[in-house]
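Enquirer: Model the following, please.
(chains A and B)
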Amino acid sequence: MAGLLDIGLLNVNVSDKQILHDVSLSINTGEVHVLMGPNGAGKSTLGKVVIGDPAFQVTSGNIIFDNADITAMSPDKRAKLGLFMSFQNPPEIGGVSLSSFLRTAVELRRGERVKLWEFKKELREVMELLEMDMSYAERDLNVGFSGGEKKKSEILQMLMLKPKLAVLDETDSGLDVDAVRLVSKGIRHYIDTCGGSLLVITHSTRILESINVDRTHVLVNGNIVKTGSSELIDEINTNGFGEYSEV
Amino acid sequence: MNSPNKASEIDRSIYDIRNDEDNDYRMKSGLTSDIVERLSAEKNDPEWMRDFRLRSLEIYNEIPTPQWGPSLDGLDIDNISTYVRPKSDMKGSWEEVPDDIKETFERLGIPQAEQKSLAGVGAQYDSELVYHNVKDSVMQQGVVYTDLESALRGEYADLIKEKFMKLVPPSDHKFAALHGAVWSGGSFVYVPKGVHLDIPLQSYFRLNAKGAGQFEHTLIIVEDEAYLHFIEGCSAPKYNVANLHAGCVELYVGKNSVLRYSTVENWSKNMYNLNTKRAVCAEGGRVEWVSGSFGSHTSYLYPMTILNGENASVEFTGITFAGEGQNLDTGAKVVHSAPNTSSYINTRSISKSGGVSTFRSSVKINKNAKGSKASVSCESLMLDDISRSDTIPAMDIRTGSCAVGHEAKIGRISDDEVFYLMSRGVSEEDARATIVRGFADNVSKELPLEYAVEMNNLISLEMKK
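Expert: Presented below is the predicted three-dimensional model:
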């Protein structure tokens, strides 16, 4: 049976420089995969390529999502199919409120109009879960948000959009203890209520502590050098990436 | 303003529908003393006005065409008809307005807006007003809102003679002189002391005639302790010859009064928009300009405010969108000439498809304006590599005891922003339009709702091209 996401022998360039080499990776529905690797290994690139960042060129290989070949598909169409990424550094969009933008996105994802009061009710519930002040809903998208607020806003969007697969790009970096707890709670909620699948790109294991990890991949210099169980995380935490850097 | 909630129905065609010209009178093209005298006779001017027009014409002939801004080579006054009288005198009810003219204004949503949210409406078609109405409750408070021609013969005739073109004298520049010579139509508003008008008055200017000029004059006097919001809208169908708009707006704001003046200008892209607006503000008074410039081929527009009394203030909020073939030179001027006055100029400009957008500001703080504050902030967004955006701020500060700030930013839509919005399911076109609308948000949120919707629709429309 085909997985939810099947990446096959993917080669990716950015302005003629190859970043990813023959990357293959499969995620089944409901699974949590962790992608680890040293800085500059290409982890974020892989995440962005999965959701369709036009800054990167796929030179060969393909990406199959939910039985559809999305390799050449634009990011908006991928989002409608149920792909999502929590950005490491989401850009600030002035003059567009989080709430109005998110309502548009939710309607596009669901393919139907959502009544304002229903949307507000749902939004309030999720914001309460993440212990976000309701005033954030009316603030401009990411403008003046602290690092932690941006990450919570990304998780809020994930929970409202209910994607089939979410890529979390360094969602735990730069967060204080409380924020880590709330982001973890949000991720837990996503898994429990949406049956969601995850590709978690991370340096650390802080947000993974409350989550059951199915597979771990190690990416070094654009190559997946090892795939294993969740125990691989502990092993890397103890030994670092040193033994893979020869590859 | 048409169908405000249905973005899918936006269609430039509502602005572009031309009516056949069925004029009552059309002045032959060109500008001579003979033409000005005939215009004055047609309008049944008082004698002082006839003389004023002829003096203005002399000044017009002496002043050279400005060379410091966008080219005016395509504008030949010999090909412009300065006066086109529609086949209708001014009516007090929409039913009486001729069908073709009435339908034009209905498409633009003018009667509908009046019913909903306005205290009074004037509608000018070519050179004359065809409709004017003010709510009884407003008149009972002593507010006067009428066409300037009627006012010249009415109760306030002396006041008008005292104020007309004193803030913007014909010698100010060539097109002010032209205006003085051939002005026609426009509005006179008088708000008595202590009257607070909660709902706005609105004038709408429509230029239908091909190769014609529109020269309406707006004179507003707000006495002390009063409040007025005046809204001005304008549009025209597109022709392949030049049309000219050289209107003039003079605003007198009394002590502790507030005048808010909102404009959404959507002239067709064959229009030379050479408009002059000026306000003088007494002690504790406040002027709030909100200005959206979308249309015209070439614009020169820099509303000016003279802060003449202590603690007077002005806020100018403006947006300019220059698309293909447009050269829009816009900005604002402020003169601080009393202590503790303050000004805030906040603008956004967008250029696209080869459009040129220039922001020009001039802030002068006189020696006596101690303790004054001035702040200028302008941001520009260029949507492609062939468009152009310039910022030309000028400051003339004559006292050490003041606070002055200036901030300018020129940028582009970043690919990261577009990708981010697309990653949430928004199409590329909508992502760009969302970013541009967000950029314009500081202006749209200042506009009355119908105009904010119209402005957002215009942005979406421009982004589709």
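Enquirer: so where does the residue nearest to the spatial centre of chain A fall, helix or strand?
Expert: The geometric centre of chain A, computed from its C-alpha atoms, lies nearest to A:Val167 (CA atoms, centre = their mean), at 1.8 Å. According to DSSP states H and E, A:Val167 maps onto strand A:165-169.
Enquirer: For the residue nearest to the centre of chain A, list each beta-bridge partner.
Expert: Taking DSSP bridges, one finds A:Met85, A:Leu199 as the beta-bridge partners of A:Val167.
Enquirer: Now do the contacts for it.
Expert: A:47, A:50-51, A:83-86, A:198-199, A:201 (CB atoms under 8 Å, 6 or more residues apart in numbering or on different chains). Just so you know, the C-beta spots here come from the backbone N, C-alpha and C atoms, and that holds for glycine as well.
Enquirer: what about stretch B:205-215, start to end distance?
Expert: One end of stretch B:205-215 sits 10 Å from the other (CA to CA, to the nearest Å).
Enquirer: Distance-wise, check B:Gln202 relative to B:Glu128.
Expert: B:Gln202 sits 17 Å away from B:Glu128, going by CB to CB, to the nearest Å.
Enquirer: So those two - more neighbours on which side?
Expert: Neighbour totals were compared for B:Gln202 and B:Glu128, and B:Gln202 leads with 26 against 22 (other CB atoms under 10 Å in any protein chain shown).
Enquirer: Based on its surroundings, how many neighbours for A:Arg139?
Expert: 16.
Enquirer: Nearest residue to it in space, ignoring adjacent ones along the chain?
Expert: Using CB to CB, 6 or more residues apart in numbering or on different chains and skipping the chain neighbours, the partner closest in space to A:Arg139 is A:Leu98 (6.1 Å).
Enquirer: Can you read off the backbone torsions of that neighbour?
Expert: Summarising the backbone geometry of A:Leu98 under the convention degrees, to the nearest 10, its torsions are phi -50, psi -40.
Enquirer: Quick check, it in contact with A:Met134.
Expert: No: between A:Leu98 and A:Met134 no contact is recorded; they are 10.7 Å apart, counting by CB atoms under 8 Å.
Enquirer: Compare these two and say which is more crowded by neighbours.
Expert: Neighbours around A:Leu98 and A:Met134, counted as other CB under 10 Å, are more numerous at A:Leu98. The numbers are 23 against 12.
Enquirer: Need the pLDDT of that one.
Expert: pLDDT recorded at A:Leu98 is 97.
Enquirer: One more: B:Ala242?
Expert: B:Ala242 is assigned a predicted lDDT (pLDDT) of 87.
Enquirer: same question, A:Arg181
Expert: In this model, A:Arg181 is scored at 91, pLDDT.
Enquirer: For it, what are phi and psi?
Expert: A:Arg181 adopts backbone torsions of phi -60, psi -40, taken as degrees, to the nearest 10.
Enquirer: burial of it, as a residue count?
Expert: Around A:Arg181 sit 16 other residues, with neighbours defined as other CB under 10 Å.
Enquirer: before we move on, what about the one 4 residues further on?
Expert: Burial measure for A:Lys185: 16 neighbouring residues, criterion other CB under 10 Å.
Enquirer: now do B:Asp89
Expert: The tally of other residues near B:Asp89 (other CB under 10 Å) stands at 11.
Enquirer: Then B:Thr32?
Expert: For B:Thr32, which is what you asked about, the neighbour count (other CB under 10 Å) is 12.
Enquirer: residue nearest the centroid of chain B?
Expert: With distances taken as CA atoms, centre = their mean, the residue of chain B nearest its centroid is B:Thr263 (5.2 Å).
Enquirer: With only the CA atoms kept, save the helix or strand containing it in PDB.
Expert: Using DSSP H and E, B:Thr263 sits in strand B:258-266. Provided in PDB are the C-alpha atoms of strand B:258-266 (Å, rounded to 0.1, in the frame of the first residue of the first chain):
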ATOM      1  CA  VAL B 258     -12.400  69.100  12.900                       C
ATOM      2  CA  LEU B 259     -12.800  68.700   9.200                       C
ATOM      3  CA  ARG B 260     -12.200  65.400   7.700                       C
ATOM      4  CA  TYR B 261     -11.900  65.400   3.900                       C
ATOM      5  CA  SER B 262     -11.900  62.000   2.100                       C
ATOM      6  CA  THR B 263     -11.300  61.400  -1.500                       C
ATOM      7  CA  VAL B 264     -11.300  58.400  -3.700                       C
ATOM      8  CA  GLU B 265     -10.100  59.500  -7.100                       C
ATOM      9  CA  ASN B 266     -10.600  57.100 -10.000                       C
END
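Enquirer: neighbouring strands for it, and are they parallel or not?
Expert: strand B:227-235 (parallel), strand B:286-293 (parallel).
Enquirer: quick one: the first one to chain centroid distance?
Expert: If I follow you right, that is strand B:227-235. Computed by CA atoms, centre = their mean, to the nearest Å, the chain-centroid distance of strand B:227-235 equals 8 Å.
Enquirer: try the last one
Expert: The gap between the average C-alpha position of strand B:286-293 and the chain average comes to 9 Å, counting by CA atoms, centre = their mean.
Enquirer: got it, and stretch B:64-71?
Expert: From the chain centre to the centre of stretch B:64-71 is a distance of 20 Å (CA atoms, centre = their mean).
Enquirer: So A:Val167 versus B:Leu159, what's the distance?
Expert: 70 Å.
Enquirer: oh, I was asking about B:Ala176
Expert: Using CB to CB, which is the criterion applied here, B:Ala176 is 21 Å from B:Leu159.
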